[in-house]
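Enquirer: heads up, no residue letters with this:
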């Protein structure tokens, strides 16, 4: 961390700062330029709150050199994390396709779709039981019953299941769920993240609509600092001024995340674009750029889906997508270091 | 709601749509232009999910005419809502100033600040007990103990207290809190909103960093649809590309919200700017534009605050701010209709 | 265009509106719902200014159904535009790679790079002669001399050249340039667009940092409405809150633009990411998603480039990129309709 | 400027860097931490291109300490700039109101509005002769004739006039114009800025839709580095995800700009909100926050304005706005240092 002092700083205050830094196991190096005095803090600064230092009378600005995340940081963990989900390996060069309906609607619907996506080559099954909806008047999901149906679909197809938790109080219902999804709106629900950090479940952590890549990694750090290192990151679009797509899919997060972190990265082209016919090109783009997988909404009858039908692929479209993605995979960028 | 059909739409499907709309108590009017056929849905469309209709094969686009919120909507409730907080009235032309430290740190700190802000003219006391922090390694608040101290400070000063809830499970601790704050990161924590809708506590609902004004109103609607109409809206900055301030304070939300809704609006210039010396001009601007109040961070010793000291005013600066705001108030824009 | 009237609109004013619409060769259809009266304007509304109608006392809102662009619109021109640049065809299924240095620095530098990128498979040569720089104290380009050197490099390699115009007054210098580039900052320099619309030069039109996809198409329409239909669109990143990359490359613009327009689309991963090691994954992603080509910065000695070295590939890196892109091409999404 | 080196940097390359810095009249101080080596560049770094240094093999990151603008920088010019416009003083504590129609439409319209706004207390007259319009099919302004009419209106009322230049080639027509406005879309039209830097005309420089505050100051620096120090800054809204207003008016730019620069700041609430009934609250807010003035659109007959009628005030509304602004002025924030 680099601290830039104001022009006529008080030397007494600088001494106080140095003492405090020592108490935090940090040392301080001073560089005197003509215009400005600059301090370099030496040691582990991840526990230091930048804003505390910025608030000091003698400080003009503070600039971080070292990233504030440690467990999620590639620098300290150069090898790719591979998350084992009931035998399915995510990360480290394997490419997984998670597919299924936006919402679980009925046994029949779910099983039909589950069997179909499995046949096409999906490796995990997704389906929403608890649904975060902008309007209190919209369908809110089948909740506990939805999770039961997902477990039945797992029994039928063997596909591990991924479903979203919306509140800490629902955690006991997720005992048999294979991957717990934390939605974009909950990416900074820190109490939830802490609780998930104490489980040993794989977590699919979606990036918030207005969250930076570093904030996503800090949220992963919350989970990991609790002891759970099975975190899978997921990009699902950020909010920008463009309205042609629901959100703007930030695919450049792939090389950035691969550089900064060892965690696997899954791309969600369904929620980010919000339009079924834009899903396929974005899925291929993600694969080419070296993502570790995709999460795709598939529905047997999109026009009658109770939620987000507008962005769901039909089973046939999904089948074609998987074929194309598998064809492109050998030529995709590889980032992995041996794990 | 207006539905624009594709050029060569299937008439059978249009019949199906009409039947479904009838089952939702809506009727449908057809307008045939040269280029496009347009349907007008007549009736209460607030329960209709736009995306369901957009997903239909025959539909090109859907445009909402009627707002999707009802209880928060000025059209259906023309009079200003006035929230009574232990005798302090928020909304309807009264201007309130909520002040206090970012975090509760100790009895001494809190009482000192509480007495000081009361003397300067604050009408409510704020203080964080549960603190949402980006880093798991930062100070996380005094939690339950912090609420105890707030209640002591209330006893001492008579000021009603405002403090933030971070998770549903903390709700029992808020029994004696006067206003429960929902932070920006929780604005779309729908399970929490639903639970708060079943209490009769005033709720200070902060706008999410990437939430539109209409989404803020939809979140208010979540609380109100549960039966709790005591919602106070709060703007605290949105995330944009500009980095000179922590966030961009969107003061134009004041006239927009006053037009669309009857709920009171409080402005938070401390968190939005993130810099103490920008707080005063933004506070005055908010007052002039006709906000119903301010929420301001004040600390007796900003450089030693455990959290957000960089944006806290000293008691003296706060005292000057209140004087200026009170001077400007008579000339501010008034929106209120009699309540 | 759909016009939603206020609840108690004045009938006289509606009559005036109808007369005015007739004078613009539009007719008007009225649909009376319970809550709102809605007008449908029938005819060619591309010449109608939405805001003029919104300003009327009787109008609550206006919603466009028909796009405001005609010549750039796929609806009216279903076949892909193919721009012939001195024998090189851009659009219609061909994939082109434009490469070269950010700035022309010297004859030696340019010729070295030009020969190298040609050998690797580039089909056009880029190089900045006039350089838009944020600081007046930065290198501003070789200007007219830079264009001379580009023409020499064309003679040497046979590669058609692309270079940026910064002001109308420079147009005479572009007589022998093959493609005139309009930079992101000039996307809405309407006087320049009008002048280029009267030439018969191919124009590479870059999307502005804060321009929507529809605004990009409106700027293309400016050029095309003057008579020049040789417009090539270019996405080079939009400005968002994310700072890990210089801008956020919006690859979902590819399927959106391919749907709305018949013009070719080139992707610029160099300027959008601003970091050389992110260029390759984004280039592959763009190819997979079905772009018509790439524009890539290549420099023989990036650390000593006078401009933007941080984002330039070395000739070896570029060579590898071309190989990978060519391998991925056969599996990429195809949108084209026969031209 | 602070340069952070990679862990195992090449010492030879560091020597080369030091030599090059010396040739630029900069010296270099090295600070060796445990994790990173950090260089401090000492001297005038405003002419140094950050990206050049970032591109070096040995460099991990570069952070600016000193602002890249000098002539626009408050640090080097602590006193407020006051621009004298034909006797009207802008900046230094005076509050000016510029008013007039969006477009000049006819002699009668312009003179009517000019006399009316003068009576209400406007101190300068605005009116568009050259109009930047998103659509080539919209009204493009009266151009040279519009300037003639503005000069007539000046003769009639004595109000100095402000009008927008769209292209360098139009400059000769602006000989008698008092303030030349550079629109948001031209904020980074560097050729135009350079040319205006060689005139001695006051320039009203509008902030681009996606431009940071520092980029606005860099554009001012372009003009000032040419010799023309009469620059007036103008905030007119930035582009964000919020669509309730046309753009988001960033009023916190006022204290930021007042801190970083000595140039006057004018706020445009008409273009930023795009809605007449939001103009008054935002105008009052701007005044309270300490802006140096406002620029407001006024039209005698908004529903029939040829451009932007939806955001224009009637003369009566404007008259009320001026009264309120004048009442609030004495209580507004003051930043000025004696000039």
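Expert: Ah, there it is. A quick note: this is a predicted structure, and the numbers were derived from the prediction, not measured.
Enquirer: what comes into contact with the helix or strand bottoming out on mean pLDDT in chain A?
Expert: Within chain A, confidence by mean pLDDT, DSSP states H and E is lowest for strand A:27-32 among all helices and strands, at a mean of 78. Outside strand A:27-32, the residues that touch it by C-beta atoms under 8 Å, 6 or more residues apart in numbering or on different chains are A:17-18, A:21, A:37-43, D:29, D:31-33, D:38, D:40. For every residue, glycine as well, the C-beta is placed using N, CA and C.
Enquirer: Now that we have those, which of them are buried?
Expert: Taking 16 or more other C-beta atoms under 10 Å in any protein chain shown as the criterion, what is buried in the contacts of strand A:27-32 is A:17, A:21, A:37-43, D:31, D:33, D:38, D:40.
Enquirer: ok, so of these, who is nearest chain C?
Expert: Among these, residue D:38 lies closest to chain C (C-beta to the nearest C-beta), at 18.8 Å.
Enquirer: in a strand, that's where the closest one is, yeah?
Expert: Yes. Counting by DSSP: H, G, I helix; E, B strand; the rest coil, residue D:38 falls inside a strand.
Enquirer: my read: residue A:242 touches residue C:238, true?
Expert: Yes. In this structure, residue A:242 is within contact of residue C:238 by C-beta atoms under 8 Å, at 6.7 Å.
Enquirer: Find residues that contact each of the two.
Expert: Shared contacts of residue A:242 and residue C:238 (C-beta under 8 Å, 6+ apart): A:248, C:250.
Enquirer: My understanding was that residue A:273 contacts residue C:252; is that so?
Expert: Yes. Residue A:273 lies in contact with residue C:252 (C-beta under 8 Å); the separation is 5.4 Å.
Enquirer: Settle it for me: which of these two has more neighbours?
Expert: Neighbour comparison, residue A:273 and residue C:252: the larger count goes to residue C:252, with 31 against 27 (by other C-beta atoms under 10 Å in any protein chain shown).
Enquirer: The more buried one touches residue A:279, doesn't it?
Expert: No. Contact between residue C:252 and residue A:279 fails when scored by C-beta under 8 Å: they sit 9.9 Å apart.
Enquirer: Give me the common contacts of those two.
Expert: residue A:273.
Enquirer: Now do the contacts for residue A:125.
Expert: For residue A:125, the contact set (C-beta under 8 Å, 6+ apart) comprises A:98-100, A:114, A:117-118, A:150, A:153-154, A:157, A:159-162.
Enquirer: make it 7 Å
Expert: With contacts defined as C-beta atoms under 7 Å, 6 or more residues apart in numbering or on different chains, the neighbours of residue A:125 are A:100, A:114, A:117, A:153, A:154, A:157, A:159, A:161.
Enquirer: Give me the pLDDT for residue A:171.
Expert: pLDDT for residue A:171: 97.
Enquirer: Repeat that for the one 10 residues further on.
Expert: According to the per-residue confidence, residue A:181 scores 98 in pLDDT.
Enquirer: next one: residue A:273
Expert: At residue A:273 the predicted local distance difference test score is 94.
Enquirer: Please name the nearest non-neighbouring residue to it.
Expert: Closest residue to residue A:273 apart from its sequence neighbours, by C-beta to C-beta, 6 or more residues apart in numbering or on different chains: residue A:245 at 4.7 Å.
Enquirer: My guess is residue A:91 contacts residue A:84. True?
Expert: No. The pair residue A:91 / residue A:84 is not scored as a contact, 9.5 Å apart, by C-beta atoms under 7 Å.
Enquirer: which of those two has more neighbours?
Expert: Each of residue A:91 and residue A:84 has its neighbours counted (other C-beta under 10 Å); residue A:91 has more, 23 against 11.
Enquirer: ok, the closest residue to that one other than its chain neighbours - how many residues close by?
Expert: Nearest non-adjacent residue to residue A:91, counting by C-beta to C-beta, 6+ apart: residue A:264, 3.2 Å away. By other C-beta under 10 Å, the residues close to residue A:264 number 29.
Enquirer: For the residue nearest the centre of chain A, list the residues it contacts.
Expert: Centroid-nearest residue in chain A: residue A:233, 2.9 Å away (criterion: C-alpha atoms, centre = their mean). Residue A:233 is in contact with A:205, A:216, A:220, A:257, A:263, A:264, A:265, counting by C-beta under 7 Å, 6+ apart.
Enquirer: how does chain A divide up, domain by domain?
Expert: A:2-63, A:83-331 (automatic domain parsing).
Enquirer: ok, and does stretch A:46-57 reach over to chain D?
Expert: No. Applying C-beta under 7 Å from any C-beta of the partner chain, one finds that stretch A:46-57 is not in contact with chain D, the shortest distance being 11.2 Å.
Enquirer: Which of the residues in that stretch are classified as buried?
Expert: Across stretch A:46-57, burial judged by 16+ other C-beta under 10 Å covers A:46, A:48, A:49, A:50, A:51, A:52, A:53, A:54, A:55, A:56.
Enquirer: Run through the bridge partners of the residue nearest to the centre of chain A.
Expert: Beta bridges link residue A:233 to residue A:205, residue A:265 when assigned by DSSP bridges.
Enquirer: Please apply the same query to residue A:248.
Expert: Bridge pairing for residue A:248 - DSSP bridges - gives residue A:238.
Enquirer: these two touch, right, it and residue A:237?
Expert: Yes. Counting by C-beta under 7 Å, residue A:248 does reach residue A:237; the two are 5.9 Å apart.
Enquirer: that older thread, among the buried residues of stretch A:46-57, which one sits closest to chain D?
Expert: When the buried residues of stretch A:46-57 are compared for distance to chain D (C-beta to the nearest C-beta), residue A:46 comes out closest, at 11.2 Å.
Enquirer: Can you tell me the element the closest one falls in?
Expert: Using DSSP states H and E, residue A:46 sits in no helix or strand.
Enquirer: check contacts around it.
Expert: Contact partners of residue A:46, counting by C-beta under 7 Å, 6+ apart, are A:66, A:68, A:70, B:137.
Enquirer: measure it to residue A:197 for me?
Expert: Distance from residue A:46 to residue A:197, counting by C-beta to C-beta, to the nearest Å: 16 Å.
Enquirer: try residue A:152
Expert: 29 Å.
Enquirer: Looking at those two now, which is surrounded by more residues?
Expert: Neighbours per residue, other C-beta under 10 Å: of residue A:152 and residue A:197, the larger number sits with residue A:197, 20 against 14.
Enquirer: pretty sure that one contacts residue A:226?
Expert: Yes. In this structure, residue A:197 is within contact of residue A:226 by C-beta under 7 Å, at 2.1 Å.
Enquirer: Mutual contacts of the two, please.
Expert: Residues touching both residue A:197 and residue A:226 by C-beta under 7 Å, 6+ apart: none at all.
Enquirer: Please identify which helix or strand holds residue A:297.
Expert: Secondary structure assignment for residue A:297, by DSSP H and E: strand A:293-297.
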